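K.L.:
Fold the following and give me the result.
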Amino acid sequence: MIAAISSWLVETIGSLGYIGIFILMAIESSVFPLPSEVVIIPAGYLAYTGEMNYFFIVIAGTLGSLAGACFNYYLALKLGRALLLKYGKYIFVKPHHLEKVEVFFKQHGEISTFSGRLLLGVRHFISLPAGLARMNMAKFSLYTILGSFIWVNILALLGYFIGGNQELIEEYLGYIIIALIILIIIAGFFYIKKHNKKSVK
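P.N.:
Okay, the predicted model is just below:
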């Protein structure tokens with residue numbers, strides 16, 4: 001089953017091509033919970049097999065990340081903190097997410113837009129405080145591109161260098177997918193439970 005899921009994932013990324021990588025990474029870089037690992041690692045593997053071009057994978061992934069980050073930036077810029085706190089839960093932005101990245105942004109300044117792209121739990125949301133702070137768009141784009149470029153390269157290289165071991169990549173990708181499915185089920189369970197409690201009150 002794990003091998004089948006991994007094979008399907010690799011085939012899907014291959015069929016979507018560079019435009020698909022761009023779109024998926026834009027989604028990943030916005031507020032939606034789509035891990036970049038399940039997009040770029042298979043693409044890196046396909047670069048190893050010669051089915052995709054490594055350079056174009058990195059470009060598509062980096063630009064997709066920038067597009068998603070810009071979406072978050074303008075979302076925060078237009079809505080403001082109060083509306084994000086009130087309605088953010090509908091787009092997967094919870095108060096503790098916003099508070100966490102705001103503290104990180106304040107502690108590390110504008111460079112946090114760069115470093116935040118490399119940190120789990122921060123990467124998806126770091127653009128929000130940048131938008132709230134009305135960070136210079138040119139600087140925001142530059143730091144985002146640099147951070148995303150490094151992250152995409154890390155994942156693509158991982159997929160490329162373990163590409164010679166078919167069993168390893170199948171096992172790695174398979175367990176990622178299974179873990180994600182479990183997390184989605186658990187999150188869905190608690191979300192429904194929480195809202196049922198509110199409706200009872």
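K.L.:
Look at Thr144 and report its pLDDT.
P.N.:
On pLDDT, Thr144 comes in at 91.
K.L.:
That one: how many residues sit nearby?
P.N.:
Using other Cβ atoms under 10 Å, Thr144 has 27 neighbouring residues. No exception for glycine: its C-beta is placed from N, CA and C like everyone else's.
K.L.:
pretty sure it contacts Gly64?
P.N.:
No: in terms of Cβ atoms under 8 Å, Thr144 does not count as a neighbour of Gly64; the distance is 11.3 Å.
K.L.:
what stretches of this structure score poorly on pLDDT?
P.N.:
Along the chain, segments meeting pLDDT under 70 span 1-10, 31, 33, 81-97, 104, 108-109, 120-122, 163-201.
K.L.:
what's the closest non-adjacent residue to Glu102?
P.N.:
Pro129 (4.7 Å; Cβ to Cβ, 6 or more residues apart in numbering).
K.L.:
That neighbour touches Ala76, doesn't it?
P.N.:
Yes: with contacts counted by Cβ under 8 Å, Pro129 reaches Ala76, the gap being 7.3 Å.
K.L.:
Kindly provide the distance from the residue nearest to Glu102 to Ile59.
P.N.:
For Pro129, the distance to Ile59 (Cβ to Cβ, to the nearest Å) stands at 27 Å.
K.L.:
who has more neighbours, those two?
P.N.:
Pro129 (25 against 16).
K.L.:
What separation is there between the more buried one and Asn53?
P.N.:
35 Å.
K.L.:
give me every residue that touches the nearest residue to Ile59 once chain neighbours are set aside.
P.N.:
Ranked by Cβ to Cβ, 6+ apart and with sequence neighbours excluded, the top spatial neighbour of Ile59 is Tyr18, at 7.8 Å. Counting by Cβ atoms under 8 Å, 6 or more residues apart in numbering, Tyr18 touches 52, 56-57, 59-60.
K.L.:
Is Tyr18 part of a helix or strand, or is it coil?
P.N.:
helix (DSSP: H, G, I helix; E, B strand; the rest coil).
K.L.:
same thing with Glu51?
P.N.:
coil.
K.L.:
ok, how many other residues are close to it?
P.N.:
13.
K.L.:
Over to Lys106?
P.N.:
Neighbours of Lys106 (other Cβ under 10 Å): 11.
K.L.:
Please report how far it lies from Ala133.
P.N.:
9 Å.
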